[in-house]
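In: sequence and computational prediction follow.
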Amino acid sequence: MRNIAVILMGLLMFGCATTVKPTEKNINTLVSGVVQTRSVGEPMFEKGLLKVLPGFIATANYYLPEMDNLVFPAVKRGAIWMCSGMLEGGDYLCSNPEITQKDVLTDTGAPVTDKLPIFVIKPWGEFHGLYYADTRRVSEQRNRLHGLFSAIEVPLQDSYKEQLIYNGKTDSTINLTYQEFVGNQKQPSVSQGLSYEITSVNMLNVKNVMIEVVEATDSSIKYIVKN
């Protein structure tokens with residue numbers, strides 16, 4: 001996130017690009033009074049608030065080509081570029097926080113002393129070139145990195161989500177997992193296994209959500225949210 005903040009400052013300072021404001025997305029799949037069915041591994045409910053920026057994900061392991069006499073490190077499949085700015089033509093200005101100045105060398109093997117350029121990526125994922133904030137220059141790199149990027153939304157650090165996962169039934173015991181996610185949503189910050197006996201009672205109170213179990217098997221559950 002520190003790298004993204006530096007990029008934002010550069011965009012504001014040199015003014016030839018606009019900053020991209022995060023979009024807020026409320027998540028609440030709780031539906032009261034309706035019979036719902038979920039299979040093992042599916043969320044019974046999700047709640048939260050995501051603040052996202054547009055971004056792109058690398059679809060394959062990739063050796064970035066030398067560009068403008070700069071040698072970039074290899075990219076792993078799943079690497080994320082977050083877009084914090086936009087050029088007048090609608091192209092995004094994107095950076096991978098995992099690629100820092102120490103990771104890039106010149107073509108002679110010397111360390112890079114100037115600010116790293118920002119990747120210019122079109123909204124549909126086509127790589128267009130490198131943007132130098134200090135000089136407001138776009139270095140076009142046509143027919144490079146073809147097909148590498150796929151558009152996604154990137155959650156920011158103040159994003160939050162909680163969810164309840166159905167994990168099946170063992171005898172008379174229903175197994176659930178409650179999870180909380182903060183930031184990039186990749187790994188839960190909280191993951192708690194929950195078990196409920198339903199031999200005589202079919203009402204569950206999970207994190208202040210009242211759930212009536214209509215039917216439960218080792219592969220699926222039918223339930224009604226009561227509040």
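Out: Thanks, I have the structure now.
In: ok, now how distant is the residue nearest the centre of the chain from Asp107?
Out: The structure's the chain has its C-alpha centroid closest to Val154; by Cα atoms, centre = their mean the separation is 3.8 Å. Val154 sits 31 Å away from Asp107 when distances are taken as Cβ to Cβ, to the nearest Å. (Glycine included, C-beta is placed from N, CA and C.)
In: repeat for Ser172
Out: Following Cβ to Cβ, the distance that separates Ser172 from Asp107 is 68 Å.
In: distance from the helix or strand that contains Phe45 to the middle of the chain?
Out: Per DSSP states H and E, Phe45 falls inside strand 43-58. Remark: strand 43-58 is offset 6 Å from the chain centroid, using Cα atoms, centre = their mean, to the nearest Å.
In: please save the CA atoms from that strand in PDB.
Out: This file holds the C-alpha atoms of strand 43-58, laid out as PDB (Å, rounded to 0.1, in the frame of the first residue of the first chain):
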ATOM      1  CA  PRO A  43     -21.400 -19.700   2.000                       C
ATOM      2  CA  MET A  44     -24.800 -19.600   3.800                       C
ATOM      3  CA  PHE A  45     -24.400 -15.900   4.200                       C
ATOM      4  CA  GLU A  46     -21.900 -13.100   3.500                       C
ATOM      5  CA  LYS A  47     -21.800  -9.600   5.000                       C
ATOM      6  CA  GLY A  48     -19.300  -6.800   4.700                       C
ATOM      7  CA  LEU A  49     -18.100  -3.700   2.900                       C
ATOM      8  CA  LEU A  50     -15.500  -3.800   0.200                       C
ATOM      9  CA  LYS A  51     -13.600  -0.800  -1.000                       C
ATOM     10  CA  VAL A  52     -12.100  -1.700  -4.400                       C
ATOM     11  CA  LEU A  53      -9.900  -0.300  -7.100                       C
ATOM     12  CA  PRO A  54      -9.800  -1.600 -10.700                       C
ATOM     13  CA  GLY A  55      -6.900  -3.900 -11.200                       C
ATOM     14  CA  PHE A  56      -5.500  -6.800 -13.300                       C
ATOM     15  CA  ILE A  57      -4.300 -10.300 -12.500                       C
ATOM     16  CA  ALA A  58      -1.500 -12.200 -14.300                       C
END
